[in-house]
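**Q** no sequence for this one, just the structure:
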């Protein structure tokens, strides 16, 4: 997550209508075995995961400052306009604050650095045409701008939830990681016993990748994940994990909150396709992937029809029928297969998972996304 902040610049993207300023300062589901015979093609002979007592989740849900803010931007004697902000923690009490509002058909963005002083986060900046000052305290963000873009922002910290968070598995789905709030989950459908069940109902990344015991072909997948708060880290070292479809096609998990979309950021088909938009939430919040995967069709080692992927991230469609001409890096080696396990990645970060289920699909069955 390299720094992407400019200093005292004005950028006009007329073709996109964007102006930017930057300043530095519950249905019943069958058992896994039953589902296997119905389309989740095969189950590995791996021994059952060792039973272990659930442990408490780590305290990694944020600092009460980083997050999304919503409210208004009001020009002098003007009508309040809807406004939003993204506040990104960068460690050591420093933050990046991004303000976003729409006015006269344009999406405007303004950002600058902020610093902690006492019990507040303060920000200020000045250019040839404007001056600004503001603060974040008690879950409120206030900014006053004087000069060419005069106005006042009044925003409150808000927490969004994915519309598919907590979705129950439909009839016929294979429940790989059951979820009941406050109850330790079962990891019996996974091969890696170092991934532990937690008392909040989730499973936390352990040592090495973790694969389902069942292999899948065409399917719909629901995954809920939680990226830890790691403000002192950057880039691919900030809340990194991944969901590997058929063990070979990675949907990236990362703390990409507040960043531009790239084919290595959260929601990307890693190294292949950037998400259409950054639909990620701040770290410390539960997020969702809903995926329709059409497995490749192969003749020996020759792919006669490529894999196809559609993804919704927190309810927002970020990939639509992406045809895969290749597998992604860090997956299982070897040629594509028509059936393979779902795999979750260990990238050295305490990412958590819960409520994972897979609905096998017939070739002509709609995926529903």
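**A** Received, thanks. Since this is a predicted model, take the numbers as computed values, not measurements.
**Q** what's the distance between residue 252 and residue 242?
**A** Applying Cβ to Cβ, to the nearest Å, the value for residue 252 to residue 242 is 5 Å. For every residue, glycine as well, the C-beta is placed using N, CA and C.
**Q** For the residue most central in space within the chain, which residues are in contact?
**A** The chain has residue 280 as the residue nearest its centroid, 4.4 Å off, counting by Cα atoms, centre = their mean. When contacts are counted by Cβ atoms under 8 Å, 6 or more residues apart in numbering, residue 280 touches 255-257, 265-267, 287, 313-314.
**Q** Would you convert these into CSV that also reports distance to residue 75?
**A** As requested, these are arranged in CSV below (distance: Cβ to Cβ, whole Å):
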residue, distance to residue 75
255, 34
256, 32
257, 28
265, 34
266, 34
267, 35
287, 35
313, 34
314, 32
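**Q** so what's in contact with residue 252 and residue 242 at the same time?
**A** residue 270.
**Q** wait, isn't residue 288 in contact with residue 316?
**A** No - with contact defined as Cβ atoms under 8 Å, residue 288 does not reach residue 316; the gap is 10.1 Å.
**Q** These two - which one has more neighbours?
**A** Using other Cβ atoms under 10 Å, the more surrounded residue of residue 288 and residue 316 is residue 288, with 23 against 16.
**Q** Bridge partners for the more buried one, pull those for me.
**A** Note on residue 288: beta-bridge partners residue 224, judged by DSSP bridges.
**Q** State the mean pLDDT of stretch 99-115.
**A** Computed over stretch 99-115, the mean pLDDT rounds to 93.
**Q** try stretch 236-246
**A** For stretch 236-246, the mean pLDDT works out to 95.
**Q** Ok, stretch 139-149 next?
**A** Averaged across stretch 139-149, pLDDT comes to 93.
**Q** So for it, what gets flagged as buried?
**A** 141, 143, 145, 149 (16 or more other Cβ atoms under 10 Å).
**Q** Could you do stretch 68-78 as well?
**A** By 16+ other Cβ under 10 Å, the buried positions in stretch 68-78 come out as 68-69, 71, 73-74.
**Q** Low-confidence regions, the chain specifically.
**A** Applying pLDDT under 70 to the chain flags residues 1-52.
**Q** Try it again at 80.
**A** 1-53, 55, 57, 59-61 (pLDDT under 80).
**Q** Adjacent strands (with direction) for the top strand by length along it?
**A** If you go by DSSP state E, the chain has its longest strand at strand 106-117. Strand 106-117 has its sheet partners listed here by DSSP bridges as strand 18-23 (parallel), strand 94-103 (antiparallel), strand 120-126 (antiparallel).
**Q** Distance-wise, check the closest residue to residue 276 other than its chain neighbours relative to residue 67.
**A** Among residues not flanking residue 276 along the chain, residue 318 sits closest, at 5.1 Å (Cβ to Cβ, 6 or more residues apart in numbering). To residue 67, residue 318 is 21 Å away according to Cβ to Cβ.
**Q** Same check on residue 369?
**A** Noted for residue 369: a distance of 28 Å to residue 67, by Cβ to Cβ.
**Q** phi, psi of residue 236?
**A** Residue 236 adopts backbone torsions of phi -70, psi 0, taken as degrees, to the nearest 10.
**Q** surely it meets residue 264?
**A** Yes - assessed by Cβ under 8 Å, residue 236 is found in contact with residue 264 at 6.9 Å.
**Q** joint contacts of these two?
**A** Common contacts of residue 236 and residue 264 (Cβ under 8 Å, 6+ apart): residue 254.
**Q** what about the residue in the chain sticking out farthest from the centre, distance to residue 151?
**A** Going by Cα atoms, centre = their mean, the residue of the chain most distant from its centre is residue 77, 39.4 Å out. Distance of residue 77 to residue 151, computed by Cβ to Cβ: 10 Å.
**Q** go on, residue 273?
**A** Relative to residue 151, residue 273 is positioned 38 Å away (Cβ to Cβ).
**Q** same deal with residue 308?
**A** Distance, residue 308 to residue 151, by Cβ to Cβ: 46 Å.
**Q** Residue 215 too?
**A** Taking Cβ to Cβ, one finds residue 215 at 57 Å from residue 151.
**Q** now residue 182
**A** Relative to residue 151, residue 182 is positioned 45 Å away (Cβ to Cβ).
**Q** Also residue 238?
**A** Residue 238 is 33 Å from residue 151, where distance means Cβ to Cβ.
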